[in-house]
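Peer 1: Dropping the sequence and predicted coords here.
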Protein chains: 2
Amino acid sequence: MATLDDIAKLAGVSATTVSRVINNYGSLSEKTKTKVFEAMRELNYQPNSLARSLKGKKTQLIGVILPGVSNPFFGQMVQEIEDQLFKKGFRIILCNAGSDAEKERDYLRMLMANRVDGIIAGSHNLGIEEYQKVGLPIISFDRYLSDEIPIVSSDNYHGGQLAAQTLMRSGSKKLQIITGANRPNSPTNARLTGFKDELAKSDLDFDIMEISFSATPNIKGLKIKELLSKREVDGIFCTDDLTALLVMQQAKALGMRVPEDVKLVGYDGTNFVQSYHPELTTVMQPISDIVMVMIDLLLKRIDDHDCELEDNYVLPVKLITGETTV
Amino acid sequence: MATLDDIAKLAGVSATTVSRVINNYGSLSEKTKTKVFEAMRELNYQPNSLARSLKGKKTQLIGVILPGVSNPFFGQMVQEIEDQLFKKGFRIILCNAGSDAEKERDYLRMLMANRVDGIIAGSHNLGIEEYQKVGLPIISFDRYLSDEIPIVSSDNYHGGQLAAQTLMRSGSKKLQIITGANRPNSPTNARLTGFKDELAKSDLDFDIMEISFSATPNIKGLKIKELLSKREVDGIFCTDDLTALLVMQQAKALGMRVPEDVKLVGYDGTNFVQSYHPELTTVMQPISDIVMVMIDLLLKRIDDHDCELEDNYVLPVKLITGETTV
DNA sequence: ATGTAAATGTTATACGATTGACAATTTTAA
DNA sequence: TTAAAATTGTCAATCGTATAACATTTACAT
């Protein structure tokens, strides 16, 4: 692969001049610029960004750590992140951490080794300590990592409230929430709390079903079937849309009608669900806005490692009414 | 961030020794090794991979160029790629090229600049020339790029045949294929050909509807609605599952029953569709195997730039029978 | 023609790590 | 005790680029 020197030789100028052209500093005549650019084109030259970064420039790389990209929610989020960062001249290193703490740790190390300019962290298998010693700008999606790391999230609490209101308005009396296993700093916690608080106002009670985020759809389906076949609940809030789809699936299999026999509200409202399952009532997270805020904050931190940022940035959710509630 | 020298100072040895420890060459006493490792841990040291790569080592980075990751098919594919490459010590730079040739070109340049070890290309907005002058190991998914670049794909032709057979066996008489706009080297072409050839055997005719891959679901839905409302066809093969979902959606809206009024076969068979739409009959691409082959070939090329590889690697598809055909 | 500004070249250093050559020290074995 | 082997250090070059300092050449205006 061609180097600076090759270009210099071909253009008949000094390496310094080529560098001057590339970085556009010092004074240069149009003629030399043209010569150099031509040589660059001829050799299909790309400045070695390893060398540039080593010499103090940024890498223009951002690490994105997420549970995984096959989930439509994170798929869309990555798509947004990539899209917005590309426009600002950054590329992303994709890190699917799954629910594997060791893998997440490995990725953190690699990102440090690669001297990425910053990290967007949306997967959270690790404790605080590991994130603290990274020493790179980090923005977290939806979970507390450390005092220094801003959290961007949708208004989970209000989302929970909305779900409760919607189910109640729809006439549900026996309510159920299906949610991921609630670790202390999990966002689904706030969804639960909002749901709970809202129901408390009307003195309605409800049951909680916890299903691990990492359970397979089959497992989830089984548990849901078990729940539904008791025919005790008439209103369900799933803290993610995919689970809601499974509820619809199982309900259908059991001959239960939605919303007549059981109302249903999901959470996330991805483009995917909006397009392919518009019938689902759901609480939409403003993914695009969330990403915009995360990137904005991250770039600020990259620009100035010590700049003051808020601890929390909470973006409003929106109820999308489908046919699974009345 | 700590450097080699910092470690050397803290451990009270020379930089060379630290390097020896890290790269495990020369002779070393246990005592020094321990000292050095301890210093590394204490400073949370990560060798600067920019510097290492500059000095001739590989970057352990692979560029992955795809249309986008919000599509479940490519979402799952990226997940697989990431998963398998991680185990082999590689990370990926994710490049969503969409249907934007300029963006794909930009990404190619960036990948060169970043000295990635290789590229997996699954998005194809660019001509052959651009890929030829990249000068890096490349493996292509499902499309011809240049004589030097191996193509890995599912057996699109046979997939088309399977779809045709299934619809015929199901009793369809008036057949329709819905497929992306067919550019010369598009994989959907082979699906079409297989479909066509199989129908020809039985002297059945069919219509072709082309809908651009990049059209929004709404647009696609409209076109499908138009088609269905004529009530002329009773068997449809969609060359991707998402479009098949839209057909089901529109059919339902029009009061048509699947499979009674119209049979339906999709293509892709992602985990997502299998879990959340098991009712859909579809031709499954062996994503995991495809990825395995691509990675295997890519690593061979990385190891030896000039190693001989086949032009084509075609992996078998599998029919998954749901309820949208009888 | 002369001075000034602009354009380019020369040279050196740095970024952080790798690696080879060789010297110096320590350990081990006979 | 001594020679051989193992360990560690010193020094320098290298990867490709950036950049500062300084020297030199060229162009242009007066």
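Peer 2: Here it is on my side, so go on.

Peer 1: For the closest residue to A:Leu54 other than its chain neighbours, what are phi and psi?
Peer 2: In this structure, A:Leu54 finds its nearest non-sequential neighbour in B:Leu50, 4.8 Å apart by C-beta to C-beta, 6 or more residues apart in numbering or on different chains. For the C-beta atoms, the positions are set from N, CA and C on the backbone; glycine is no exception. The phi and psi values for B:Leu50, taken as degrees, to the nearest 10, are phi -60, psi -50.

Peer 1: Wait, B:Leu50 touches A:Asn114, no?
Peer 2: Yes. Counting by C-beta atoms under 8 Å, B:Leu50 touches A:Asn114, with 7.3 Å between them.

Peer 1: Overlap in contacts, the two.
Peer 2: Common contacts of B:Leu50 and A:Asn114 (C-beta atoms under 8 Å, 6 or more residues apart in numbering or on different chains): A:Thr59.

Peer 1: residues from the stretch 51-200 of chain A in reach of chain B?
Peer 2: Within the stretch 51-200 of chain A, the positions near chain B by C-beta under 8 Å from any C-beta of the partner chain are A:51, A:53-54, A:59, A:61, A:64, A:68-72, A:75-76, A:78-79, A:82-83, A:86, A:91-96, A:103, A:106-107, A:109-110, A:112-115, A:133, A:135.

Peer 1: So which of those residues are in helices?
Peer 2: A:51, A:53-54, A:72, A:75-76, A:78-79, A:82-83, A:86, A:103, A:106-107, A:109-110, A:112-113 (DSSP state H).

Peer 1: of those, buried ones?
Peer 2: A:51, A:53-54, A:72, A:75-76, A:78-79, A:82-83, A:86, A:103, A:106-107, A:110, A:112-113 (16 or more other C-beta atoms under 10 Å in any protein chain shown).

Peer 1: filter those residues by proximity to DNA strand C?
Peer 2: Contacts with DNA strand C within those, as defined by C-beta under 7 Å from any atom of the strand: A:Ala51, A:Leu54.

Peer 1: returning to what we had before: the ones in helices among the residues of the stretch 51-200 of chain A next to chain B: which ones sit near DNA strand D?
Peer 2: A:Ala51, A:Leu54.

Peer 1: What are the boundaries of the helices in chain A?
Peer 2: Ranges of helices within chain A are A:4-11, A:15-23, A:30-42, A:49-54, A:72-87, A:101-113, A:128-132, A:156-169, A:187-201, A:217-229, A:241-253, A:271-276, A:287-303, based on DSSP H.

Peer 1: how big is the angle separating the longest one from helix A:72-87?
Peer 2: The reference is to helix A:287-303. Per axes from the mean of the first three to the mean of the last three C-alpha atoms, to 10 degrees, the angle that helix A:287-303 makes with helix A:72-87 is 50 degrees.

Peer 1: just the third one next, same as before
Peer 2: Between the axis of helix A:30-42 and that of helix A:72-87 there is an angle of 150 degrees, by the same axes, to 10 degrees.

Peer 1: Residues contacting helix A:30-42, please?
Peer 2: Applying C-beta under 8 Å, 6+ apart, the set of residues contacting helix A:30-42 is A:Ile7, A:Leu10, A:Ala11, A:Gly12, A:Val13, A:Thr17, A:Val18, A:Val21, A:Ile22, A:Tyr45.

Peer 1: I figured the last one hits A:Ala8, correct?
Peer 2: No. Here A:Tyr45 lies out of contact with A:Ala8, judged by C-beta under 8 Å, at a distance of 10.7 Å.

Peer 1: Any residues of the stretch 201-326 of chain A in contact with DNA strand D? List them.
Peer 2: With C-beta under 7 Å from any atom of the strand as the criterion, the stretch 201-326 of chain A does not come near DNA strand D at any residue.

Peer 1: sorry, back to before: got the contact list for the residue nearest to A:Leu54?
Peer 2: A:Leu50, A:Ala51, A:Ser53, A:Leu54, A:Thr59, A:Asn114, A:Arg115.

Peer 1: Pick out the most distant pair among those residues.
Peer 2: Of all pairs drawn from these, the one with the longest distance (C-beta to C-beta) is A:Ala51 and A:Asn114, at 14.5 Å.

Peer 1: So for A:Tyr45 and A:Ala8, which residue has more residues nearby?
Peer 2: More crowded of A:Tyr45 and A:Ala8, by other C-beta atoms under 10 Å in any protein chain shown: A:Tyr45, with 22 against 18.

Peer 1: hang on, the earlier thing: what's the least confident stretch among the helices of chain A?
Peer 2: The minimum mean pLDDT among these belongs to helix A:128-132 (a mean of 82).

Peer 1: Check which helices and strands that one is in contact with.
Peer 2: Under the contact criterion of 3 or more C-beta pairs under 8 Å, 6 or more residues apart in numbering or on different chains; DSSP states H and E, helix A:128-132 touches helix A:101-113.

Peer 1: Tell me what angle the helix it packs on forms with helix B:72-87.
Peer 2: 80 degrees.

Peer 1: Which secondary structure elements does helix A:101-113 sit against?
Peer 2: Counting by 3+ C-beta pairs under 8 Å, 6+ apart, helix A:101-113 packs on strand A:61-66, strand A:91-96, helix A:128-132.

Peer 1: The same query, at a cut-off of 10 Å, please.
Peer 2: In terms of contacts (3 or more C-beta pairs under 10 Å, 6 or more residues apart in numbering or on different chains; DSSP states H and E), helix A:101-113 is packed against strand A:61-66, strand A:91-96, strand A:118-121, helix A:128-132, helix B:49-54, helix B:72-87, strand B:91-96.

Peer 1: between that helix and strand A:61-66, how many degrees?
Peer 2: Angle, helix A:101-113 to strand A:61-66, by the same axes, to 10 degrees: 170 degrees.

Peer 1: Would you pull up how far helix A:101-113 lies from the middle of the chain?
Peer 2: Distance of helix A:101-113 from the chain centroid (C-alpha atoms, centre = their mean, to the nearest Å) equals 18 Å.

Peer 1: I'd like to know how far the closest residue to A:His124 other than its chain neighbours sits from A:Pro286.
Peer 2: Spatial nearest neighbour of A:His124, excluding adjacent residues (C-beta to C-beta, 6+ apart): A:Arg143 at 4.6 Å. Counting by C-beta to C-beta, to the nearest Å, the gap from A:Arg143 to A:Pro286 is 18 Å.
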